[in-house]
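# Below is the sequence, then the predicted model.
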Amino acid sequence: MKEGITGLIDNIIQGPQDIREAAACALSRIGEPAIDPLLTLLGNKDNQIRKSAVTALGEIGEKRLIEHLLPLISDMDDGVREQVAHALGKIGDVKAIGPLTGLFRDRNVSIRIASVDAISRIGNPAVDTLIRLLGDPNESVRESSAHALGKIGDEKATGPLLQLLSDRNIYVRMAAAQALSKIGEPAIGPLIALLSDKNDAVRESAVYALGEMADMRSVPHIIKLVTDSHAFVRMAAAHALGKIGDTRAVDPIIRLAKDRNVFVRMAAAHALGKIGGVNAVEPLLALLSDDNLFVRMAAANAFNKLGQMALEPILRLLASNDATVRRAAAQALGKIGDERAITPLILSLWDENEEVLIAAGEALEKIDPYWYARDATRQYLPYFSEALKKGGKHVKLYFIGILEKIGELGISDIDVADILKDYIKDEDKNIRLSTALALEKIKKNAR
């Protein structure tokens, strides 16, 4: 075994990265006999060698290793410090609490995250220290302490974390809110009480925490905040109601879908997508035509979640008197992707509004790129020439492209070339070019 250990140590010293990692893993499985050889590597000048040795020792996890690893917690190399944090967490000795909380000030975010994870493994013995650090002047220390307390989940931290919801730093507030949501039941009552706090940041953080907890008891209280004077509180309320998923929240969220603030409308779209229901369809359709791109994207994503539930109501909206609604309905059907929408969308290709026609064509492409090749579609082909006659440039280009594909496949008894020939002399050069290319491809296919 001694020769095998020596060979693995040599691989850590001399091997490439993948060999080094494999050797460290093998040595950790050997356990006790590999400890002393690994300890000799902790003083090596090479960062990667020190890191590999720490990794193996952490996996072995014996308590006596704590004294050897603690000095490396201030190592100059980020990777070594991070790995030391992981190793100390696996060993789980209370002696590591102080040094690990010291890493909460580290300039490297990954190291701070590793130290939070490590100290949470030590668990309850670290709680009192972490609570004291919630008042530290350094915001990274406060944030990391809150995250660690959330991972441990000790009820004792509830009060101090509630006080942190008014912290001047948003990341600290969010960390405290997330921690409270993990503590659970003991925090629900105090958090609901904070929904009426005078501080905007406190209300926002409390709503966020309650949303993460998804407790139905908080729904009536959160609903009251949809009319809050602060936009971020309204946004947080929408997110929270969406996560909880109670249908009582649909009408209040619909009101938020018309909010003057972009972020609130986005949050409302996400929430409506999660809760669903027929009542969510029309507000989401309106958001598909919102002036803001990100709101439109949020609404489109919401329709993906609504899926089959929204199909029938949206199909009916294709016959709306409002062209904006018809266009949004076509876009939504493309997002849902149900084949039952193909025939209604084909009929929408003759819509008097060019934007509706284009939206219907794009939706058909999303549902089935070869929709025009279906047997049920052929009955509509004679009318494509009518669409070409009445359409603008983009409509003509779209139908020329479709007729070209139909002609190439030879899927119809209709003379596609005869429909297209009138547009070889169109006044628009792009239409003339597209027609010429289409006729050429159809001609080649017929040979």
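That came through, no problem. Residues are numbered from 1 along each chain as shown.

# doesn't residue 337 make contact with residue 311?
No: judged on Cβ atoms under 8 Å, residue 311 makes no contact with residue 337 at a distance of 10.0 Å. In this view, the C-beta of every residue, glycine as well, is placed from N, C-alpha and C.

# quick one, which of those two is more surrounded?
residue 311 (18 against 15; other Cβ atoms under 10 Å).

# Once you drop chain neighbours, what's closest to that one?
Nearest residue to residue 311, sequence neighbours excluded (Cβ to Cβ, 6 or more residues apart in numbering): residue 338, at 5.3 Å.

# and what of residue 309?
That would be residue 276: by Cβ to Cβ, 6+ apart, it lies 5.5 Å from residue 309.

# what does the model give that neighbour for pLDDT?
Note on residue 276: pLDDT of 74.

# can you give me the helices in the stretch 1-150 of the chain?
For the stretch 1-150 of the chain, applying DSSP state H, counting those that start in this stretch gives helices covering 2-14, 17-30, 32-39, 47-60, 66-69, 78-91, 97-102, 109-122, 127-133, 139-152.

# ditto for the stretch 301-447 of the chain
Using DSSP H, counting those that start in this stretch, helices in the stretch 301-447 of the chain cover 311-317, 323-336, 342-348, 354-367, 384-390, 393-409, 416-420, 429-446.

# quick one, which of those is packed in tightest?
helix 323-336 (a mean of 24; mean count of other Cβ atoms under 10 Å).

# From the contact counts, what lies against it?
If contacts are counted by 3 or more Cβ pairs under 8 Å, 6 or more residues apart in numbering; DSSP states H and E, helix 323-336 sits against helix 281-288, helix 293-306, helix 311-317, helix 342-348, helix 354-367.

# Can you give me the domain assignment for this structure?
By the record's domain assignment, the chain is partitioned as 1-122, 133-138+151-213, 383-447 (automatic domain parsing).

# TSV please, covering the ones you listed and showing mean pLDDT.
Shown next, in TSV, are those (pLDDT from 0 to 100):
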stretch	mean pLDDT
domain 1-122	87
domain 133-138+151-213	90
domain 383-447	77
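
# rewinding a little: near the residue nearest to residue 311, how many other residues are there?
Neighbour tally, residue 338, other Cβ under 10 Å: 15.

# With residue 191 instead?
25.

# quick one: secondary structure of it?
helix (DSSP: H, G, I helix; E, B strand; the rest coil).

# how near is it to residue 107?
Going from residue 191 to residue 107 by Cβ to Cβ, to the nearest Å gives 33 Å.

# Give me the contact list for stretch 16-29.
Here stretch 16-29 makes contact (Cβ atoms under 8 Å, 6 or more residues apart in numbering) with 5, 8-9, 11-12, 15, 34, 37-38, 48-49, 52-53, 55-60.

# One more: stretch 46-55?
By Cβ under 8 Å, 6+ apart, stretch 46-55 touches 12-13, 17, 20-21, 23-24, 28, 38-39, 41-44, 69, 72, 75, 77, 79-80, 83-84, 86-87.

# same deal with stretch 334-354?
300, 303-304, 306-308, 310-311, 314-315, 318, 323, 326-327, 330, 333, 356-357, 359-368, 371, 374, 376-377, 380, 383, 386-387, 391-392, 394-395.

# again with stretch 294-304
Stretch 294-304 is contacted from outside by 262, 265-266, 269-270, 272-274, 280, 284-285, 287-290, 310, 331-332, 335-336, using Cβ under 8 Å, 6+ apart.

# Kindly report the same for stretch 400-412.
Against stretch 400-412 from outside (Cβ under 8 Å, 6+ apart): 361, 372-373, 378, 381, 384, 388, 416-417, 419-420, 423, 431, 434-435, 437-438, 441-442, 445-446.

# Likewise for stretch 92-109?
So stretch 92-109 is contacted by 61, 63, 66, 70, 73, 78, 81-82, 85, 88-89, 111-112, 114-116, 118-119, 121-122, 125-126, 129-130, 133, 136, 138, 140-141, 144-145 (Cβ under 8 Å, 6+ apart).

# which of those residues count as buried?
In terms of neighbour count (16 or more other Cβ atoms under 10 Å), the buried residues within the contacts of stretch 92-109 are 66, 70, 73, 81-82, 85, 88-89, 111-112, 114-116, 118-119, 121-122, 126, 129-130, 133, 136, 140-141, 144-145.

# still on that earlier bit, for the helices and strands packed on helix 323-336, could you give me a markdown table that also reports mean pLDDT and distance to residue 178?
What follows is those, written out as a markdown table (pLDDT from 0 to 100; distance: least, Cβ to Cβ, whole Å):
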| stretch | mean pLDDT | distance to residue 178 |
| --- | --- | --- |
| helix 281-288 | 83 | 28 |
| helix 293-306 | 80 | 23 |
| helix 311-317 | 83 | 36 |
| helix 342-348 | 89 | 44 |
| helix 354-367 | 89 | 37 |
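
# Between the ones you listed, which one is closest to residue 224.
In terms of Cβ to Cβ, the element of the helices and strands packed on helix 323-336 nearest to residue 224 is helix 281-288, at 20.2 Å.

# For the closest one, buried residues please.
281, 282, 283, 284, 285, 286, 287, 288.

# How about the fifth one, nearest residue that isn't a chain neighbour?
What it means is residue 285. Distances taken as Cβ to Cβ, 6+ apart place residue 328 nearest to residue 285, at 4.2 Å, with adjacent residues excluded.

# Equivalent analysis for the third one, please.
Spatially, and ignoring its direct neighbours in sequence, residue 283 is nearest to residue 257 (4.3 Å; Cβ to Cβ, 6+ apart).

# Report the contact partners of the one you found.
Listed by Cβ under 8 Å, 6+ apart, the contact partners of residue 257 are 265, 268, 269, 272, 283, 284, 286, 287.

# so which of those would you say is closest to residue 199?
When those are ranked by distance to residue 199 (Cβ to Cβ), residue 268 comes first, at 23.8 Å.

# The closest one: how many residues sit nearby?
Count around residue 268 with other Cβ under 10 Å applied: 35.
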